[in-house]
Every structure is written in structure tokens, then in C-alpha cells.
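Asks: Sequence first, predicted coordinates after that:
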Amino acid sequence: MNESALYETLARIDDPKLGEDIVSLGVVTDIHLDGETTNVEVALHAPHAPDERWIATAIRDELEDAGLERDLELSLAPESTRHEGPTPDVKNVIAVSSGKGGVGKTTVAVNLATALADRGARVGILDGDVYGPNVPRVLGVEGAPTLTDDERIVPPEHEGVKVLSIGQLVPEDEAAVLRGPMVDSLLQRLLTETEWAPLDYLVVDLPPGTGDAQLTLCQTVDVTGAVVVTTPQRVAIDDARRNLSMFGSHGIPVLGIVENMRTFECTSCGDHHDLFGNGGGDELAREYDVPFLGALPIDQDIRVDGDEGSPVALGDGASARAFETLAGNTADAVGALRRRDSALASSVGEAVPADESPIES
Ligand SMILES: Nc1ncnc2c1ncn2[C@@H]1O[C@H](COP(=O)(O)OP(=O)(O)OP(=O)(O)O)[C@@H](O)[C@H]1O
């Protein structure tokens, strides 16, 4: 079998999200037959995402069926389509946002980061909520950041997650009175002067609302996409809508919507109660044509484990499973967005030849 026959073989594989085959989409960037070995380079960007694992397995299966020895190399997308993180070795930046305060944004950010790390990804979390820096407490981090000889910040690591918060550097009462420009420059430092790399995902817990702080943060690092957290009730959904409009009008991609505090299961009678309503998040996702990433129950363990600094995602109950699903869906949304961007870039001729850009991962 020659290389063009192999392209045809791999064109039988349809992308699980984008509805086109992976060769037309440019996911297969190069095929090289070398004696007994076949090298297939693929542009996949969301490590440990279920969809991208599926694509890699499907390619291996096709090669096996074709009787070829399997040797699959992964390559990054052409330079022009890369989402620039704070450093080149931070592959994806996920901003977790909410229109309304208190809907569980920090809880989702911490458990999302933990669940992504639990899947095997290299993860960091930046607490960008300067006025309520709760991430270290919810994650249970006690260590403080240190400095390298050239004054770069080294974040402590906990449960496989690098974590940095303004609360670790500035006393909480001082952080609460910081003014906008000081906040911006501090956050910029935390993003760009920190030894984050190498990371697959940097999760950023944004302050609630739709102000300058959110935008500055998103634009400073060129976020891959935002996850919008809401509770099901009308007032939270309305605020989430403002959040979505803000991202839309500034060209910041939305990865999807999370509905937190959907149902409460009574431990005595087993009945389910929709204390704040049900389904507002799905409807919003449909309205804005963005993915619905998952629903999380109202669960006392989520609150207690958050207070105790032991993320519920690390457990094995229903809430842990819900966060596991959420992490998989979020990584899939990152992957779909990046593959779509690569396909668009190559269709308008921006792609550089694969042999000039591949980077093993
Ligand atoms: N699904 C849930 N079930 C039970 N308690 C929850 C759930 N989600 C969040 N909580 C609790 O609700 C409270 C607020 O959550 P959290 O701090 O994550 O919200 P937030 O949106 O980040 O708030 P802020 O606007 O202050 O930044 C916390 O005590 C948290 O433990």
C-alpha cells in the first residue's frame, strides 16, 4: 500500500464532532511509509480527551486492518492556528466564568482541574478571582509559591495540579481593595511570569460578572475557550446570557455551559427535587448553539469537600462521576474547537507544510 492509498483508508474515519472525515479536516497532517514502519502524523490538541483518544484508536485499527505495523506519531497544528497560552508549552487555557456570583464557579473550576489531572493530563489552575480567592482552600493547598533565581514564580502542586492564587501572595483584605489596573498587572504577572509549563490545560477561575477584569484576563493569554457556569434559575440564566454575549462580542470562543445545582436527591426519601429549576443550562446551550457540558447535582458532599479542601471529583460517588463526565466533555470541546480552527486555517491556505511544523507530543 502506498501513501495516497493510506490517506484514502484513513478518510473512512469521521471526526466524532465535526461531521467530516479526518483527512478532509486536516487532522492527518502527514503519512510516511518507511520500510516496515508507518508514521502517521495527526494534529490533535486536547490530551486525554475521549474523542481524540477515539480518533487515535480508529487510526491504529485502520492501520492494523491494512496489515501495516502501527507507529502513530502525534504532531501539533501548524503554528498559525495555535492558541497561544502564557508560554508555548501551555497547550490550552480554559477560562471558567459565571455571570452571577455564588453559582459554583470556583467549585467547578477546581473539580474540573482535578478531574482533568485524574484523566492523566498535566493541569494547572490560576485563581483569577482576586476579590474572592478561594481556589487554594477548595483544592486544599497549603504550600506557598516560591521564586526561581531569576524571580519567576513556581506554583505549588497538589493532587497533580499546579495552583497559583493572588490569595497566596497578597493578604485577603489587601487583595479586596486592589484597584483595577493593579489587579490587571498582578494577574498578568501570575500568568506570564510563572513556571506553568509544561501543561495540557491551564484552568483560570475568573471573577464573576462581565467586567474589564474578565476580558483583560481572557485577552492577556488568548484563552482557548470559556466554560460558563450557571444554576438553573431564571436570574442566573439571564446573567449567564450576558456572560455569553460578552464572550461573543469579543471573539472569545465558548466551550460550553455547565448547569450546577440542578437536582437534589433527598437522602431520606430518595426523591429528586429541582430546588432551582431544571434544564435552563441545556436551553441556553441550544439558544447560543454551544455544547452543554454537563449538569451537577446539589450535593452536600460537594460543599463539605470544598470546605475541607478535598475536591469531590477525587471520590467515587455520583458527583465525582458527574465531574468526570464534565472533564471529558470539556476536553472534547477543546479538541473540537482546535480541530475546527485547524481545518479552517488550512482551507484558507494558512497552514504551513507539515514537515516544517510537527512537534511530537
Ligand atoms: N453542586 C453543589 N452542591 C452543593 N454545594 C455547592 C455546589 N456547588 C457549589 N456549592 C457550594 O456553594 C458555595 C459557593 O460555591 P463557589 O464558591 O464555588 O461559587 P462561586 O460562583 O465561585 O462564588 P463567587 O461568586 O463568590 O466566586 C460553596 O460553599 C460551594 O461549596
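Replies: The structure has been received and is ready for your questions.

Asks: other SSEs contacting the longest helix seen in the chain?
Replies: Assignment by DSSP state H gives helix 318-347 as the longest helix of the chain. Counting contacts by 3 or more CB pairs under 8 Å, 6 or more residues apart in numbering; DSSP states H and E, helix 318-347 packs against helix 50-65, strand 90-97, helix 105-118, strand 225-230, strand 254-259, strand 292-295. Yep, even glycine has a C-beta here, placed from its N, CA and C like the rest.

Asks: Give the rounded mean pLDDT of the second one.
Replies: Read that as strand 90-97. Regarding strand 90-97, the rounded mean pLDDT is 92.

Asks: Please apply the same query to the first one.
Replies: The average pLDDT for helix 50-65 rounds to 92.

Asks: mind listing what's buried in that helix?
Replies: Neighbour-count burial for helix 50-65 flags P50, D51, E52, R53, I55, A58, I59, E62, L63 (criterion: 16 or more other CB atoms under 10 Å).

Asks: Could you check what's spatially nearest to V290, not counting adjacent residues?
Replies: Nearest residue to V290, sequence neighbours excluded (CB to CB, 6 or more residues apart in numbering): V254, at 4.7 Å.

Asks: Can you give me the neighbour number for the one you found?
Replies: Using other CB atoms under 10 Å, V254 has 22 neighbouring residues.

Asks: Can you redo the helices and strands packed on helix 318-347 as a markdown table, where the extra columns are distance to the ligand?
Replies: Formatted as a markdown table, those follow (distance: least, CB to the nearest ligand atom, whole Å):
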| stretch | distance to the ligand |
| --- | --- |
| helix 50-65 | 23 |
| strand 90-97 | 9 |
| helix 105-118 | 3 |
| strand 225-230 | 7 |
| strand 254-259 | 10 |
| strand 292-295 | 10 |
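
Asks: The nearest residue to A58 once chain neighbours are set aside and the ligand: what is the separation?
Replies: Using CB to CB, 6+ apart and skipping the chain neighbours, the partner closest in space to A58 is I13 (4.7 Å). Going from I13 to the ligand by CB to the nearest ligand atom, to the nearest Å gives 38 Å.
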